[in-house]
Each structure stands twice: as C-alpha cells, then as structure tokens.
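*Asks:* The following comprises the amino acid sequence and a computationally predicted model.
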Amino acid sequence: MRAWRFTVSCVLFLAAYLFFGASLYGQAQVLGKISGVIMDSSGAVIPQAHITVTNKETGQTFRTTTNDSGYYVALNLPAGTYDVSAEKEGFQRCTDANVHLDPAESVQLTCTMQVGQMTQEVTVQSGAQTVQTEEGRVSRVINDTQIQEIPVNGRNFATLLALQPGVIQAFSFNSFQSMNLFATQDTHVNGMRGDANNLQIEGSPSTRTRANGAMVAAPSIDAIGEINIVTTGYMPEYSRGAGGQILLQMRSGTEQYHGEAYEFVRNDDLDSRNFFSSTVSTLKFNNFGYNFGGPVIPKSSEKKLFFFWSQEWNRIRTTGTTVATVPSALARTGNFSEYCNFGLPCPIVPAYLDGVGGLVAGQPFPNDTIPQSVWSPNGAAFVQMMAAPTITCPATGCTSASQLGSNFIQEIRSPSNDRKETLKVDYEMEKIKSHLAVALRHYTQDALPSWGTSGSSQLLQIGPVFPERGATVDLTTNFSPTLLNDFAFTATEDIVHVNLSLGKGLDRSSLGVDYPYIFGDASKDIAGKIPTVNVNGFDTISGLPYPSGSVGKVFSFQDVLTKVKGQHTFKTGVWIEQDGENDRDQVRVTPGSASGIGNNLNGTFTFDGSNLSTTSQAPLADAFLGNFGVYSELGFRNYTPWVAVQKGVFAQDSWKFRSNLTIQGGLRWDYFPPYHSRWCNFASFDPLFYSHLPGIQQTVDPTTGLVTSGNPYNGIAVPCGQLPRSAIGHFAVFGQQLTAANFDAINQQLRDDGMQRGLPAEIFEKHYANLQPRLGFAWDPLGRGTTSIRGGAGIFYNHFTLSDVTLMGGNTPFQLAAEVKGSTATTGRADCPGAQLDASRNCRATPAGALPLPIPMTGGDIVSKIPVVYQWNFTFQHMFPQNTLVEVGYVGTRARHLVVNSDLNQLQAGTTFANPNTAIAALSPYPGLGGLTVGLNDSSSKYDSLQISAQRRLTKGLQYGVAYTFSHSNDFGSDLYANAVNTYNLKYNYGPTDWNRNNVLILNYVYDLPFFKESNSLTGRVAGGWEVAGVLAFEGGTPNTIGNALGDQAGVGEDFGQHAALVSGCNPNAGPRTVAQWFKTACFQNAAQGTFGNSGRGAVWGPGPRNWDFALYKNGKATERFSYQFRAEFFNVLNHPSFNSIDTGVGDGAFGHVNGANDPREIQFGLKMFF
C-alpha cells in the first residue's frame, strides 16, 4: 500500500503540471550551455546575429541572438550532440556541426562569418571534446562510450567513478561490486569522506538521509547516458555536499524508436580460484533487462514528446573467501599448551580462584589447562560457538605460532535479487519550452548469510528488503533568450526491513547459552537469539542487530533564475529540503562501538583482559572462565521519527571579462540544522548538565560497580518541555509503553529526574553564519581554444547526516541500556551479567535498594559546528594532436569540524593498574554512567594531490583515458565510525587516511578494430566488427594500524583500539614483502602497562592491487534494423594474485601474514540486441 501511495502521489503531481501546460525539464545543475563570440573576417564582432542550437537526437531547437559585443549564450541545454548555426543578413551562414555537450558542462565556440549570401554555408566539424575555457571548476565526464563499452565487474556504474583522477575508492578497482543502495558509499573525492558527496540523478538529490554517501533508487548502468563528476572549484549553485558533485544524466528518447535487450551471464565453472582458497568460489550472476525509447505519439509530424523506459533484473549467487583466526582444536578443550609454547597469550590463575582445586593465583594453570570445574557454562558455550579450525596442526603437533593463526578458511554464500526500473519523459512545447518527468523505482531483496555465529554459512539467514523510490518533476520557463527560470521538485524514499529467522546458528538455547537478560525476555525482539561475543585476537561471534527497519524520505524544492546581460551570466536561486528517517534500528548496524554499548539487544560480551581483578591475561581463557571485560545490553527498541528542514540561497556571476578570460564568483548561504524527533523521544548526554553535587551525583560501590545513591539519570537531557500527545502508543519510556493513562506521570518523572529541561527540539546549537564565498577563473592564453589555465578556491559546508554511531533515539530513558565493566563474583560473570551468583551458580537479584547498573549513553556535540571544507585548485589543460586532451593540476583540501567519536567516560592512562580491585564504574569521570560515546566535531583532515589525466574521445574507432593521482591525505578519523583511542589526546589518532592510496594509475581504452569494417562479404561478416576494451589499474596499498594484543594495556577501562608499541629505530615497512611476512613484525611489541602504544595509526602500508580487465566484442547486423553485440569479458585476465589485507594482531600467530586477495580471473559473457 505504501508503494502505491508514493507512486500515485508522484503521478498526480506530474499530471497536474502537464494539464496546466507547465514546462518541465531536467534540473539546472545537470544542464549545460553553449556560448561564444561571432566575428567577421576582420575580427570585428557581429551583433544581432541569429543563433540556432539544434539537438541532433531529438530535433529540439534553442534560439538566441548575439549582443552588442557579438557574444551569445544558449542556456539549460541537456547533454547531447548539437549543430550550432549563426545567421546574419549579408553574411554566409556559419555552422559548427556535431558539438558534443556533456552534462552540466560549458562549450565555447567562436565562429568567423564570411561576407556572402545567407543561402551559402560554411560548416566546421567540431571535435569530440573541447578545452574548458569557460569555467574554473574541475569536472570530468564518464561518457556514453565508457559506460557502455568498458567491462565493469558487477555491472555497477560506481566502479567507473575511479576512472577519474582525484577519485579513490575503498575497494580495489573492479572487484565484484553489484549495484545496490551502498555501492557509492566508499567513493572518496579529493580527500573527503564518502558521506561528503552529493549524488544527483537528473540534477535532483538522490542521497540517503542516514548515510549521505548512499544513493537511493540507483539506476541500471544501461539507463545512464553520461556521468559528470564535479570534483572541486564549483560555483555556489552546488551545495548539500562539500565533496564531489556526482551528476547522473539518464538516457532520453529520440526522434526514432530505439531499444535494446541484453543479458550478462557469469558462472564459476569459467573462473579461477582465489589465491587463499583451495576451490573456486561460487559465482552465478545473471543480469538481464531491456530499454526502449522514442516519441510518445508515433508518426507525429511534431515530435515534441519523448520517453525512455528501462527495466533490469539481477540474480546473484556468490560466495566469498573468509580467512580468520579461531581457537585451535586443543584450545577448544581448555588446553592452552600450544599457545604457551609459542609465546602467545598464556593464562595464569586469577586471584579469585586462589586455592580452588589446588590452583595458585598468579601461576600458570597446571599443564596450561583450565579445569572444567572452574569453567563458566555460558563462557565455555561461547568458545564452542566459535568456528572449528579448518587448518590444523600435524598429528605430531604444531611447530610454530603461525600455524595457530589464520586457521579458518570458508566460502561464504551471499545470494541476492533485485529489480530496477527507470522512466524518463521529455516534452517540448511552444518553441523552446521543454518538459521532463523522471520516475525511478528500485527494489532489492537480499538473503545474506553470516558464518560468524557458528562457522557454517548455511545456519544463519537474514532477509533484508530495500524498496527504494524516487520521482522528479522540473519546470523550466524561458521568458526570453536571456532570462530563464528553473523550478524542481524531488521526492525519494528508501525503506529497510531486515527480518531474521531463528535457526540453529542463532538459537542460544541449542548452543548452551542461558544467562538471564538484565531487562528481561519481553524487551527482546527475539528472546532466544545469541549475544555478540568479542574475544581479542579471534574472530567475532555476531548475533547481529536485527530484526529492525527504517524508512527515510526526502522532499526537495529548488528554484534557479538565470539572466544574461552583456558579458555577464547571473544566477540566483533558493533551495529547501525536508528529509528525515523513521528509525526503528536505533543501534549501530555495523560492527563495533566506541563505548561497548554494542548493537545487539540480546547483549554484547567483550573479553579483552581489561578487568584486572579477574583476568587470566589471556582473553580466550577469560571467555572459558566467563570473566568479561565489558557486557552491555539494550532494552525495548525505540521508534524515532527524525526530521530536519534545510535551506539555502545563492547568487553568482560568470563574467566574460575578455574574449579569452572568464572570471566567476558568488556567495552561498546554507542552513543545516541538527535533526530532531517529531515526538521528542531521544536523549543525549551533556557534561554541562552533569551535577557533582552530593545527593545528585551517583555513588558507585567500588566492589560491585553498582550504583548505590544519587540520580541515575544525571547528565542526561531530552528535548522539549514535554512529550507531545501524538507520541502516545508509539514507544516506551522507562521500560513501559507510553499511554494516555501514564502520559502526565511520565512527563512529570522526566522533569523530576532532571532530563526534561525545556530544551529546543534539536537540543544542539543551530548555526546561521554559513557563508560560502567561491571564486574561479578560466584563461585561454593563446586565444585559440586549445589551451586553458584555470583555478578556483572556495568554502563549502557539508550537509548533516544521521549518524549511525550516536543514534540518540537508542538512549535511556526511551531505549534502556546497561553496561557492566568488569565481571566479579558480585556481578555474575558471563552466567549472570549484572547480578550476583549464589553457591550453586544460580543468579540472585541485585542487592535490595540498589539503583540501576551504570547507564551507557551516546550524544552529540552541543556546539554542533557544521563540517566545513576549504578547497583550492590550479589546472593546466591542452589539446594535443590525435584529439588527446591532457590536464595537469593541483588540488588542495582542508576540512574542519569533522566528527570523531570520543568516550567521555574513559579513564586516565594507568588508572586500572593503580586500582586493580576497584570497579571501573567507580573510577569513571562521570560515576554511575557507562560508556559515553559523543560525536564531537573537533576533527580535521588535510589533502594535497597532483592529478594528471589524458583523454581521447572516440575518434576513428579509438578512445582512451589515463588517470593518475599522487596524493597525501591525513586525518584524525576517516568516517562517521571513527573513534578516538585516547579521549584526552586526539593527536594519538592522527595518521594517514584509512582509504588513502598515495599512487593510483588507471588506464581505460576502447578500440574498434579496423579490419573489414565496411565489408558485407562472408569474410567481412566473420572477420569484421571486432572490438577490444579494457582497464588497467595500478594502485598503492592502504595504511594499516597495528593493534595491542593484550587488550587494555593503557589501563583506561577498555581497549578502544589501542596501538602496539614500536621498537625504537625500527622501520616496519622495510619488511620482506612476502605472503608469509609482509612487513617487519619485529618492529612491534605490546605496549607497557599504563601506556598507549606509540606505533601510530596507519603505521604499515599494505599491498597494492594490480589488475587488468580485458574484453572482446563482436558487433554485427542481423538485419537492416536489428544489430547485435556479443561480449566476452575477462576480469583479472592474467589471474594475477592481487593481495588486499594483512593480519595486524601482535602475537596472534598470523601476525604479518597476507590474509586476503582480490578476485581471481572471472569470465563474463553478454549479448545485446539493438534496433
């Protein structure tokens, strides 16, 4: 029903525009312009010459005249091929034919008219590409030939973005990536985070609210005409993202009917095996669809209404190779002798077991074996839940520590199905008025198995459903050739429903897990689901954050007015957008957490040796004993309707200062308020509201870690003066459903507990002084249109995103949470976290009168500074012979106020070692509270690059492109999930950007072999029509951080991703560079107690991938109207092993090993039929 309501609303909106004769066209941000100067043979300008610009595909014409300076400009032109003609009485007609205009680009044409009759004509054939002499920005186009002919692994257009310099993707080029909601998230432009990109389809925003880098309703690759990536130096008309402006132009219908049907097929029978796999991974891939376009009314003499329709299906059945470290067969029995013999973490008897069964505290367990009599039933069950090793030592025993690491290899199944549909309608009315409607609908349903629960990929099945829809209606009115207005409305919706079936791999009772929940069974979506278990040095057992779901909607309005006066082209506009997310996830759906809160309602255990009073100094042994470092649990899931209204205005001018010099400048103002909930049902921790006064500040028992007095909600703030009555029945507060009967009482309790303070709906500060000046220039020093020198600089603010880390709707009192740091006899260990045990190991209630366990919280930056980017560029461009356009440029980026998540309750270094028998909760800066993960906007990044490109558009059957980027990028955190390791010293986080590759060289080519091209003989039909295409990618490695194997060596209460220590004077990157040891492992050791390791973030550079994709096509005609293309595509054609990851765990047995490789050779066949 929801899908029908959304579709019907968009159709009615479009119908109303058409009925009232509105003029619709693609939004101004993807439309281009053609301009120039008309002169006579003496060089004098010709005013009042009539200019006609004709679209060769649709026959649409755009008319204007030159001004007194002989200057003309034709605005708001869709991408395509044009003929441009100039007429003036007394002169021969001048025509520039086959002018190619890319999306959102500018082309300058200078025409010299000869004296003569208008019936005479001088025609010049324009080149396939032109030097940019009109704008200072840096933008590059992925043209239709590249989109249609370059072999793409997974048929995902996002892969093609890396063909341009300055664009780096987190995944290696052309690894198998199917097109889905998240395909664009790992694209980084000029050193910016992936969430800084602004993704547009037909000039309208198509970005997910919850993750700015994700594209909603992504089209199929065969429905895309061209892609323009505006990387830097863009004028104020562009906003929403401070990174790249990624503009997709859809294909359009033309004067003639055209269509195609296609299918691409992959089968693992044709593939090679991964370097680390003994068998070929399963890969069944069927990509099939069709598209059709032309005039809506056939055989009409006035073809003004055109359509384009595309539909595509994907069927993917694939497996991937997982390499992990799991407990050895002997260790699974409690026998650690193998680990002890080779210097791996070896357990000692903790103090609380002194004298039990003859054990002596501080000494090794007899025979390095933990007796079953002291095992925790639940902890031992956790160990057995971990996968059994697939690689074991010989019967004679292990001979080295390396045999105990990377000892699990398995193929993981990942089936998925999806369907994509695209409809585009163009309507021209009354000369140059044009209409466009775009409706996009994308539906994906995946069944994604996870092996982490039991080591068997068949045991766990989850079924996420991602329906995505989008519609755009745009109105362009040409009041005169020099005055235009463009109005656009866009609506997008992405829905996520993730269901989960409780199979063998998730059913905790069948696995021997029976600990009681702190918040009871009723608080869980599925009470019988397993917890998430993290054991330092071993693979994680994931109970997953599901089932859950969310719905995100965006409604955007934009109006732009353009005026041409003399040598100036003025633009001014306004933008209003309402976006939000009806969120029932309320937990971080990706693994990890800065504060240990976790993302599993059923609980998260971390065994990291951080609890000094009970640790055995071996995290796996701690799991057997049930001695967790941190346990967290969540109560009833909240439901929060997030919303925000963004606004912006701009004004800019492009001044043709001289015929060979254009100066651009403008100013933009944007208002990006923090998101708020319509029902005021979220909470944030704010240090300003935390009281240290006696009686209010919590008192924590130093032995049990339980809160014994004070206000348990001290420092927690909720918005609004009271909850609105519209919230009744939608969520729980303090663990009880909000009803009409308890509405007043709950609001009063929120006030009495100091949480409801009359704060604004957003809680955080709003900022209005967001002025963004931007300047640019383009200079043609020779005046011939063959060389340009361009530059620009500007300030760019970034649109907020709903953080998937600090989702404050998941906080107490709306979604209860508890955190226990350090298990003791009085907090139950793994068999009864948060409560006492009696002599029979049965759970007893929390001591009478005790207040709740410490409450973990998240929060945002109360100042909430908006991320801002300062960017500048200087570029040289020249057209060389053979239609080769070469560009060399420098791009610099400095970003400020980026988010890094910090735990405000982190202890000072050395605290736990100085207080080994004191509960961590009693030592915290904010006693009575657990982890306090707060997203602080106090981070920055720095990027400098040399960017070189060479491009030749398809000319005489040959097209090629070269993109090289030499860059350095450093930051304190590379995405929204970045955590501060040391809260008190953010510099500890500083290092190379996680996804940075210092050197990236990517070459692409398409070549129509010249043999028998025009021959109709049998020999010509067989030997002619062949085409080759391919991509060669040479990429540097990414930085890797070496972690501390012993957990919380700094003594700050949790591991937080602490670094190992670096041996003085040792260079880890001078290592042997072999599979068995990629870097110099001897350079690293565990940090001394009470200190943070000094090795630094990103200390080791990993292997750089190398790849060559090659394709061979056969083109031919079946009849005069029907043609075909048979495609054979070979990804990694040489089957070169291209490594992509290394083991970074000090002392885990596989330290320094290369443990991952990109896809091996894979073969794909395809067939396209055209008419």
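*Replies:* Here it is on my side, so go on. Numbering: from 1, shown residues only.
*Asks:* Grab the longest strand from this protein for me.
*Replies:* strand 929-955 (DSSP state E).
*Asks:* on contacts alone, who are the packing partners of that strand?
*Replies:* strand 138-142, strand 684-685, strand 817-821, strand 855-860, strand 884-903, strand 958-971 (3 or more C-beta pairs under 8 Å, 6 or more residues apart in numbering; DSSP states H and E). Every residue, glycine included, has its C-beta placed from N, CA and C.
*Asks:* and the spatially most central residue of the chain, how far is that from residue 207?
*Replies:* The centre of the chain sits closest to residue 185, judged by C-alpha atoms, centre = their mean, with a distance of 2.1 Å. In this view, residue 185 and residue 207 are 10 Å apart by C-beta to C-beta, to the nearest Å.
*Asks:* next one: residue 490
*Replies:* 11 Å.
*Asks:* which residues do these two both contact?
*Replies:* Common neighbours of residue 490 and residue 207, counting by C-beta atoms under 8 Å, 6 or more residues apart in numbering, are residue 554.
*Asks:* Of the two, which one has the most company?
*Replies:* residue 207 (28 against 25; other C-beta atoms under 10 Å).
*Asks:* got a list of what the more buried one touches?
*Replies:* 197, 198, 199, 213, 214, 215, 216, 240, 241, 554.
*Asks:* could those residues go into a markdown table alongside neighbour count, distance to residue 134 and pLDDT?
*Replies:* As requested, these are arranged in a markdown table below (neighbours: other C-beta atoms under 10 Å; distance: C-beta to C-beta, whole Å; pLDDT from 0 to 100):
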| residue | neighbour count | distance to residue 134 | pLDDT |
| --- | --- | --- | --- |
| 197 | 29 | 24 | 90 |
| 198 | 24 | 22 | 90 |
| 199 | 25 | 25 | 88 |
| 213 | 27 | 30 | 73 |
| 214 | 25 | 33 | 79 |
| 215 | 31 | 29 | 83 |
| 216 | 24 | 32 | 83 |
| 240 | 24 | 24 | 85 |
| 241 | 26 | 23 | 86 |
| 554 | 23 | 32 | 91 |
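*Asks:* which one of those is nearest residue 1002?
*Replies:* When those are compared for distance to residue 1002 (C-beta to C-beta), residue 197 wins out at 18.8 Å.
*Asks:* Which neighbouring residues are in contact with residue 777, exactly?
*Replies:* 136, 661, 662, 663, 664, 790, 791, 792 are the contacts of residue 777 under C-beta under 8 Å, 6+ apart.
*Asks:* Buried residues, the host helix or strand of it. List them.
*Replies:* Assigned by DSSP states H and E, residue 777 belongs to strand 771-779. By 16 or more other C-beta atoms under 10 Å, the buried positions in strand 771-779 come out as 772, 774, 775, 776, 777, 778, 779.
*Asks:* What strands flank it, and is each parallel or antiparallel?
*Replies:* Paired neighbours of strand 771-779 in the sheet (DSSP bridges): strand 661-671 (antiparallel), strand 787-797 (antiparallel).
*Asks:* Now the helix or strand that the first one is followed by: average pLDDT?
*Replies:* Pointing back at strand 661-671 there. Following strand 661-671 in sequence order, the next helix or strand is strand 676-677 (DSSP H and E). The average of the pLDDT scores along strand 676-677 is 94.
*Asks:* Quick one: list the elements packing against strand 676-677.
*Replies:* Strand 676-677 packs on strand 640-658, going by 3+ C-beta pairs under 8 Å, 6+ apart.
*Asks:* Show the model's pLDDT score for residue 11.
*Replies:* At residue 11, pLDDT is 45.
*Asks:* Any regions of the stretch 51-200 of the chain where pLDDT drops low?
*Replies:* Counting by pLDDT under 70, the ranges of the stretch 51-200 of the chain that qualify are 117-128, 174, 178-181.
*Asks:* for it, what spans make up the strands?
*Replies:* 61-65, 71-77, 80-87, 93-101, 106-113, 121-125, 138-142, 167-169, 187-189, 198-201 (DSSP state E, counting those that start in this stretch).
*Asks:* Include distance to residue 410 when you put these into JSON lines, please.
*Replies:* Formatted as JSON lines, these follow (distance: least, C-beta to C-beta, whole Å):
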{"stretch": "strand 61-65", "distance to residue 410": "60"}
{"stretch": "strand 71-77", "distance to residue 410": "54"}
{"stretch": "strand 80-87", "distance to residue 410": "50"}
{"stretch": "strand 93-101", "distance to residue 410": "50"}
{"stretch": "strand 106-113", "distance to residue 410": "54"}
{"stretch": "strand 121-125", "distance to residue 410": "59"}
{"stretch": "strand 138-142", "distance to residue 410": "37"}
{"stretch": "strand 167-169", "distance to residue 410": "26"}
{"stretch": "strand 187-189", "distance to residue 410": "30"}
{"stretch": "strand 198-201", "distance to residue 410": "35"}
